[in-house]
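K.L.:
Provided below for reference: sequence and predicted model.
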Amino acid sequence: MDLRFHPYKLAIVQQLHPGDYAQRMNFAREMEALIDQNENLILFMSDEAHFHLNGMVNRQNCRYWANENPQHLHERPLHSPKVTVWCAVSQTRIIGPYFFEDVNGRAVTVNSERYVEMINNFFIPELRRQRVPIRRVWFQQDGATAHTARASMDVIRPLFPGRLISRFGDVHWPPRSPDLSICDFFLWGHLKARVYETKPRT
């Protein structure tokens, strides 16, 4: 029996400004040329994500069957407990996860001081441990304040001279472009779908 119902999926996308389209296209062309000219280039794209611990609904797997969109809302607390996780992804490997925590193992927010500490004490040592030739690494980060603060940029620029993809980097990262990063485009959604299968509380 056909009830003429259709599945509606909640989709949240980044709003783009009129000038964003050209910037995104310019970035794509610049990166395409860069990769064509440097066959040994190693690109690491990085990002953080929040994993909430309150069992909130995973929008990726939620469907409502109805003959029209029911416009249901799922309420959640403003400050629900969560952990913040960072990783960097290249064509051949993932560096991470790195959990932002204090000395007692409690989750903390990301600021420039903690971000620099993670770069110096985790990311660079992990690249060396895995014998990744750092001189061939191009490092991408988005325009988050913790990433682009002067203290952060003063540390990151010398690590990747001429090879930093960022808001104030050697290659300009276009604003409002999470879909250009492999972390946002695929990795976090895939991981959250796996993690929330068991509804973790800690």
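P.N.:
Nice, thanks for sending it over.

K.L.:
all strands for this structure, in order.
P.N.:
Ranges of strands in the chain, per DSSP state E, are 6-8, 42-52, 64-66, 82-89, 94-99, 137-140, 164-166, 171-172.

K.L.:
what about the ones you listed, which gets the closest to residue 30?
P.N.:
Residue 30 sits nearest to strand 171-172 of all the strands of the chain, at 6.0 Å, using Cβ to Cβ. (Each C-beta comes from the backbone N, C-alpha and C, glycine too.)

K.L.:
sheet-wise, list the partners of the closest one with their directions.
P.N.:
With DSSP bridges as the test, strand 171-172 is paired with strand 164-166 (parallel).

K.L.:
for residue 6, give me the pLDDT.
P.N.:
You'll see residue 6 listed with a pLDDT of 68.

K.L.:
same check on residue 190?
P.N.:
We have a pLDDT of 85 for residue 190.

K.L.:
residues near it, how many?
P.N.:
Using other Cβ atoms under 10 Å, residue 190 has 10 neighbouring residues.

K.L.:
find the residue at the geometric middle of the protein.
P.N.:
Most central in the chain under Cα atoms, centre = their mean is residue 47, positioned 3.1 Å from the mean C-alpha point.

K.L.:
dump the residue contacts of residue 115.
P.N.:
Neighbouring residues of residue 115 by Cβ atoms under 8 Å, 6 or more residues apart in numbering: 146, 147, 152.

K.L.:
out of those, who's nearest residue 182?
P.N.:
Among those, residue 147 lies closest to residue 182 (Cβ to Cβ), at 16.6 Å.

K.L.:
circling back: tell me what the residue nearest to the centre of the chain is bridged to.
P.N.:
Going by DSSP bridges, residue 47 forms beta bridges with residue 87.

K.L.:
wait, doesn't it sit right on residue 186?
P.N.:
No - look at residue 47 against residue 186 with Cβ atoms under 8 Å: they stay out of range, at 11.3 Å.

K.L.:
how about low-confidence regions in this protein?
P.N.:
1-2, 6-14, 55-66, 70-79 (pLDDT under 70).

K.L.:
can you map out the helices along it?
P.N.:
Along the chain, the segments classed as helices by DSSP state H run 20-37, 112-118, 124-129, 145-148, 150-159, 182, 188-195.

K.L.:
this completes my enquiry, with thanks.
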